[in-house]
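Novice: Sequence and predicted structure, then a few things I'm wondering about:
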Amino acid sequence: MAGSSHGHTPAAWTGVTIAFIGFCVSGAYMVMAQPLGFWAGMVITVLGGVVGMVMRAMGMGQPKDAHAVYETAAVRANTAATPAPAGAKS
């Protein structure tokens, strides 16, 4: 995954950072036995996912065709559709 720049976008960094802060808030309030604070942290965690998806929809995420899997499938589809005849010169 590291070779395909998986997650190296502003949308991913922002979403994960907000979700991490929400997780920390929930954990702190869980230890303090405060259910309202715990659920507030859970809302922040979910908000991180929503913010990440909205930013990806705005074009700040990695496009789907940038992944090697999709690239290989697209190249295979084009190659299979127009095979070169044997012995053809380029």
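Specialist: Received the coordinates, thanks.

Novice: The nearest residue to Phe20 once chain neighbours are set aside is in what secondary structure piece?
Specialist: Distance criterion C-beta to C-beta, 6 or more residues apart in numbering; nearest residue to Phe20, sequence neighbours excluded, is Gly48 at 7.5 Å. To be clear about C-beta, it is placed using only N, CA and C from the backbone, and glycine gets the same treatment. Here Gly48, judged by DSSP states H and E, is contained in helix 35-55.

Novice: So which other helices or strands are in contact with that helix?
Specialist: helix 10-31 (3 or more C-beta pairs under 8 Å, 6 or more residues apart in numbering; DSSP states H and E).

Novice: by how many degrees do the helix it packs on and helix 35-55 diverge?
Specialist: Orientation of helix 10-31 against helix 35-55 (axes from the mean of the first three to the mean of the last three C-alpha atoms, to 10 degrees) gives an angle of 170 degrees.

Novice: hmm, back to that, list the contacts of the residue nearest to Phe20.
Specialist: Neighbouring residues of Gly48 by C-beta atoms under 8 Å, 6 or more residues apart in numbering: 14-22.

Novice: just Thr17 next, same as before
Specialist: Thr17 sits next to Gly48 when contact means C-beta under 8 Å, 6+ apart.
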